[in-house]
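Enquirer: Give me coordinates for this.
(2 chains)
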Amino acid sequence: MVKSTSKDAQDLFRSLHSAYSATPTNLKIIDMYVVFAVFTALIQVAYMALVGSFPFNSFLSGVLSCVGTAVLAVCLRIQVNKENKEFKDLAPERAFADFVLCNLVLHLVIINFLG
Amino acid sequence: MFVLYDFRFAVPLILSLPSTVISVTKKEPLKVKVITVLGSKAPALNVKLAQALCSGSKGSVINNQELKFDADSATYFLDSFPKNFDVGKYTFVFEILPDELAHEKVYITEAQTKVPIAATGAISIENAEISVLDSDVGSVESQKKLDLTKDGAVSLSANHLQKLRLPYQLTTPLGHVFKPHQAFIKLKHESQVEHVFLVKASGKKSELVIVEFLNVLLSQENSLLSNIGHIELDLPERPEKAPRPPLWKEDFLGLVEKLYYLSGKYEIQLIIGDASMENSLLSNIGHIELDLPERPEKAPRPPLQPTDPYSRYGPKAEISHIFRVPEKLPAKQLSLVFLGLIVLPFIAFLIGLTRLGVNIKSFPSLVGAATSAVLLLYVLFLVEGKLSIPFLILRSLHQKI
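Expert: So this is what the prediction gives:
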């Protein structure tokens, strides 16, 4: 049973990998950006767990910026993905511009909240 | 046996002066009283002024002058003083001798009684002038005669390159040189900042003496008639890097700084005083407009003149403080490690981008430029603390136009 599950896991992983490599490059970029943002958030949480949350607003703003930008990137990915029927008429450049603008607004809030 | 009626003692006689100040100008007599120690009248005596020693000179001015007796007031007096009895401090030496020989055993006195006497008189101040000179050339720009007994309304103007000169003559009633204890010039700015300049007498020759902490010259020239006192104020330019001048050299580089670079109208007051001077004076000479150079960045500001001298005892500004133990901050190295860790995912992102073969060259310039400008603004806000930096830049540009 163990052997089969491990083999299944390996098979699953391999199939996922092969399916993923078929995705277009721009989506991969966005995925990588999301991963980067989430990683940064995790590191911040770990740091806070280590040293205590004295400037709590700094911690919040840091985590919020990472999570916010990750969310916006996911939105961008949804809008840009050609297989998505809902956003067929939306030009990808427009989606990217929206992403940039929302990021700027987010960072404005973050910087103010950082203290 | 103890015989009371035979008990003999000598009665001491006390010499006292109701006033130890003689006025040379008013020509009052010197009065001396002699009484016994218990207060009863003294017998007929011969009171003599043996010597009158002046504090400055060596010899005695008066020698063996007998004092006359005034029976009404029971005082001995001396009403004629020699012609060379000038103002100053003296030590008078009195000798008392009883008239009758029999009294010599009954009454006893000091051999010599020394009494310090101050001779005062009205000092005449003459030939007072005030003038502004150009320091380099020495030429007189403006000159006015002063009458120091009245409050003058002299009005002068000077800049930092010129000198102020105030010669005057002080003579005693007998026509001698007079050097007062106190001679000051006070310059008072309209903002109530005051500067006092000490005028010190120097030796006999024409020496220039710098006085105290304020570089004022006094030159005393010994002329045949009498001494002339000058006060010279030299106000030089602001130095670039000149060091503080030592006090005994003729170096004036600190004077403008002493005046705190305050230009404007200064009131001049001349103050001359002495214990022997009956007419010590504080005379408002007038005004002088001083034109000093601009204050540099680091020059000392004038001290704040309190409107009410007791205001410094009043309440101070309120202190706002929260009593709290400061929060524990992590060690600096840990923070730096954290910073490095944060940067790592970003680097990983960039590496991943290059691995995917991302086309970086065709970056749209306008959008990228606008975005980076806004992000730069955010970074500036973090550093400066004000999000209105572009507004400030625009305003400064507008003002320049």
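Enquirer: what's near enough to touch residue 103?
Expert: I went with chain A, as the question did not name one. Residues near A:Asn103 by CB atoms under 8 Å, 6 or more residues apart in numbering or on different chains: A:Thr69, A:Leu72. Placement of C-beta: from N, CA and C, glycine included.
Enquirer: I was after chain B.
Expert: Contacts of B:His103 were listed using CB under 8 Å, 6+ apart, and they are B:Pro43.
Enquirer: One more: B:Leu341?
Expert: Each residue near B:Leu341 by CB under 8 Å, 6+ apart is listed here: A:Ile43, A:Tyr47.
Enquirer: again, only using 10 Å
Expert: A:Phe39, A:Thr40, A:Ile43, A:Gln44, A:Ala46, A:Tyr47 (CB atoms under 10 Å, 6 or more residues apart in numbering or on different chains).
Enquirer: now those: which count as buried?
Expert: Neighbour counting over the contacts of B:Leu341 (16 or more other CB atoms under 10 Å in any protein chain shown) leaves A:Phe39, A:Thr40, A:Ile43, A:Gln44, A:Tyr47 as the buried ones.
Enquirer: ok, and residue 61, which helix or strand is that part of?
Expert: With no chain named, the answer covers chain A. helix A:56-80 (DSSP states H and E).
Enquirer: Chain B was what I was after
Expert: Per DSSP H and E, B:Val61 falls inside strand B:60-66.
Enquirer: right, and the helix or strand after that strand?
Expert: For strand B:60-66, the following helix or strand on the C-terminal side (DSSP H and E) is strand B:68-70.
Enquirer: Show me what the mean pLDDT comes to for that following strand.
Expert: Here strand B:68-70 scores 83 as its mean pLDDT.
Enquirer: for stretch A:89-108, same thing?
Expert: Mean pLDDT, stretch A:89-108: 86.
Enquirer: if we can go back for a sec, how far away from the center of its chain is the helix or strand that the helix holding A:Ser61 is followed by?
Expert: As assigned by DSSP H and E, the chain's next helix or strand after helix A:56-80 is helix A:92-114. Here helix A:92-114 is found 14 Å from its chain centre; the criterion is CA atoms, centre = their mean, to the nearest Å.
Enquirer: same check, this time on stretch A:101-115
Expert: Using CA atoms, centre = their mean, the mean C-alpha position of stretch A:101-115 is found 17 Å from that of the whole chain.
Enquirer: For the strand holding B:Val61, which helices and strands make contact with it?
Expert: Contacts defined by 3 or more CB pairs under 10 Å, 6 or more residues apart in numbering or on different chains; DSSP states H and E place strand B:60-66 against strand B:45-54, strand B:75-78, strand B:88-98.
Enquirer: Out of the ones you listed, flag the one nearest A:Phe13.
Expert: Smallest distance to A:Phe13 across these (CB to CB): 116.4 Å, for strand B:88-98.
Enquirer: Just the CA coordinates for that closest one, please, in PDB.
Expert: Presented in PDB, the C-alpha positions along strand B:88-98 are these (Å, rounded to 0.1, in the frame of the first residue of the first chain):
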ATOM      1  CA  GLY B  88      42.100 111.900  47.300                       C
ATOM      2  CA  LYS B  89      42.600 109.700  50.300                       C
ATOM      3  CA  TYR B  90      44.600 110.900  53.200                       C
ATOM      4  CA  THR B  91      45.700 109.700  56.600                       C
ATOM      5  CA  PHE B  92      45.600 112.500  59.200                       C
ATOM      6  CA  VAL B  93      47.800 112.100  62.200                       C
ATOM      7  CA  PHE B  94      46.600 113.900  65.300                       C
ATOM      8  CA  GLU B  95      48.600 114.600  68.500                       C
ATOM      9  CA  ILE B  96      46.900 115.800  71.700                       C
ATOM     10  CA  LEU B  97      48.800 117.500  74.400                       C
ATOM     11  CA  PRO B  98      47.200 118.900  77.600                       C
END
